[in-house]
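Colleague: what follows is a predicted structure for the sequence shown.
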Amino acid sequence: MAKNHIAGTVAPGFENVRDAFIENFSREGDDREIGAALAVYVHGRCVVDLWGGHRDAAESEPWARDTLVNVWSATKGVTAIALAMLVDQGRLSYDDKVAQHWPGFAAAGKADITVGQLVSHQGGLNGFDVPAKTEDLFDWSLSTRRLAAQSPAWVPGTAASYHAITFGFLAGELVRRISGQDVGGFIRDALAGPLGADFHVGLPLAHDWRVAEMIGPNVAGGSAAIGAGQPAVAMRAVGNPRLDATAPNRRDWRAAQIPAANGQSSAHGLGRIYAAIANGGVLDGIKIISPAGIDRLRAMRYPGPDMLLGPRPWAAGVSLNMATNWGPHPETFGHSGWGGAYGCANVERSVAIGYVMNRMSGSLIGNLRSSSLAAAVFAAIDR
């Protein structure tokens, strides 16, 4: 792809990041970018602001700086930050029993599950017990009632397995009960809105025209291939309902509250949220959380392995870096989404990255395109 199809700017010293971004549009097969954007912040200042390609499979509609796209599980990281803000305000603790704030959750042997266990994928509620379809996810009350009624699939606190969809209903119901707002409203009013971050859970119709078409991976078996060969208990997370890569192209999906998987974001949407985290909880004079709150968010709660994802150190709803998904430094943390999007922060270097794209790979935890960008960013920072 020619350079003149790439728009935006990079600060001096970050030219290699532009080169890496451009190179992603020249890769082969599923590794070739169709449309994408990248935002990098250092000490609260935007040093990389790039976008390019197209927001549709036909490659006829140019990607814009404010194009939105479904970021799948990168939504979880923002939901985790929202909950961390409430912890920071003293309105709950990660050591609290979930049932203290959600009494009905105590049913079926769940009375002693803590908030910390719940958000670090240790609660044993990684899937629904009853058959579920995609449309069920649009019904908040139905989904949370189902989870409150069912038994854990393992003894909570003894193992972890990725709660691919259920995480959002579990953490989001705590946000709802404590803040009095649905999780999308709390993110809008207390987090994304004050920071000027273009990130939405429950996208208003007025923004629909900005949304990029999600292009599913060309991987045999689709979501059925995710975690293939893993224990049956782990596969509950992606099999009921079976994840549909093209569901984000539906208006009812975008309008719903699915705070594990349907965040609509620009690169700056993720970038600005993580920039505040990387900058001690403050961005452009707006404080969302204290440094102590950030430390609680990123403290390891389960070292791994995860039964679905393999090696995976979980903190309070965010993952600690591994396998250089977000550069070479293990203290970097954040969350990736199915297909490649991610937001991450490195507090020690005050670096934050937001990356979004519409051509999905088959991986739940990143790909060559996404990792190459993080590598380029930290190569520029560390040189």
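Modeller: The structure has been received and is ready for your questions.

Colleague: residues contacting the residue nearest the centre of the chain?
Modeller: Nearest to the geometric centre of the chain sits Ala74, at 1.3 Å (C-alpha atoms, centre = their mean). For Ala74, the contact set (C-beta atoms under 8 Å, 6 or more residues apart in numbering) comprises 263, 265, 270, 334-337, 341-343. All C-beta atoms are positioned from the backbone trio N, CA, C, and that covers glycine.

Colleague: and if you look at Ile381?
Modeller: Ile381 neighbours (C-beta under 8 Å, 6+ apart): 42, 349, 351.

Colleague: how about the nearest residue to the residue nearest to the centre of the chain, chain neighbours excluded?
Modeller: In space, and not counting its chain neighbours, Ala74 is closest to Gly337: 3.8 Å by C-beta to C-beta, 6 or more residues apart in numbering.

Colleague: tell me the pLDDT of the one you found.
Modeller: Among the per-residue scores, Gly337 shows a pLDDT of 95.

Colleague: neighbours around it, how many?
Modeller: Using other C-beta atoms under 10 Å, Gly337 has 30 neighbouring residues.

Colleague: which residues in the stretch 51-200 of the chain form strands?
Modeller: Applying DSSP state E, counting those that start in this stretch to the stretch 51-200 of the chain gives strands spanning 69-70, 199-200.

Colleague: before we move on, the earlier item: and the residue nearest to Ala74, how far is that from Asp19?
Modeller: 24 Å (C-beta to C-beta, to the nearest Å).

Colleague: before we move on, what about Ala375?
Modeller: Ala375 is 12 Å from Asp19, by C-beta to C-beta.

Colleague: so for those two, which sits in the more crowded spot?
Modeller: Ala375 (18 against 12).

Colleague: look at the closest residue to the more buried one other than its chain neighbours and give its secondary structure.
Modeller: Nearest residue to Ala375 in three dimensions, chain neighbours excluded: Gly327, at 6.0 Å (C-beta to C-beta, 6+ apart). At Gly327 the chain is in coil, as set by DSSP: H, G, I helix; E, B strand; the rest coil.

Colleague: list the contacts of Gly327.
Modeller: With contacts defined as C-beta under 8 Å, 6+ apart, Gly327 is in contact with 321, 346, 374-375, 377-378.

Colleague: one more time with 10 Å
Modeller: In this structure, Gly327 makes contact with 321, 344, 346, 349, 351, 353, 371, 373-379, 381-382, judged by C-beta atoms under 10 Å, 6 or more residues apart in numbering.

Colleague: now swap in Arg91 and tell me
Modeller: Residues in contact with Arg91, defined by C-beta under 10 Å, 6+ apart, are 83, 85, 101, 174, 178-179.

Colleague: could you work out the most separated pair of those?
Modeller: Met85 and His101 (15.1 Å; C-beta to C-beta).

Colleague: neighbour count: those two, which is higher?
Modeller: Set Met85 next to His101 and count neighbours by other C-beta under 10 Å: Met85 wins out with 22 against 17.

Colleague: return the distance of that one relative to Ala74.
Modeller: When distance is defined by C-beta to C-beta, Met85 is 18 Å away from Ala74.

Colleague: and the gap between Leu33 and Ala375?
Modeller: Careful, residue 33 is Glu and not Leu. The gap separating Glu33 from Ala375 is 16 Å, by C-beta to C-beta.

Colleague: against Phe199, how distant is Leu92?
Modeller: The spacing between Leu92 and Phe199, counted by C-beta to C-beta, is 23 Å.
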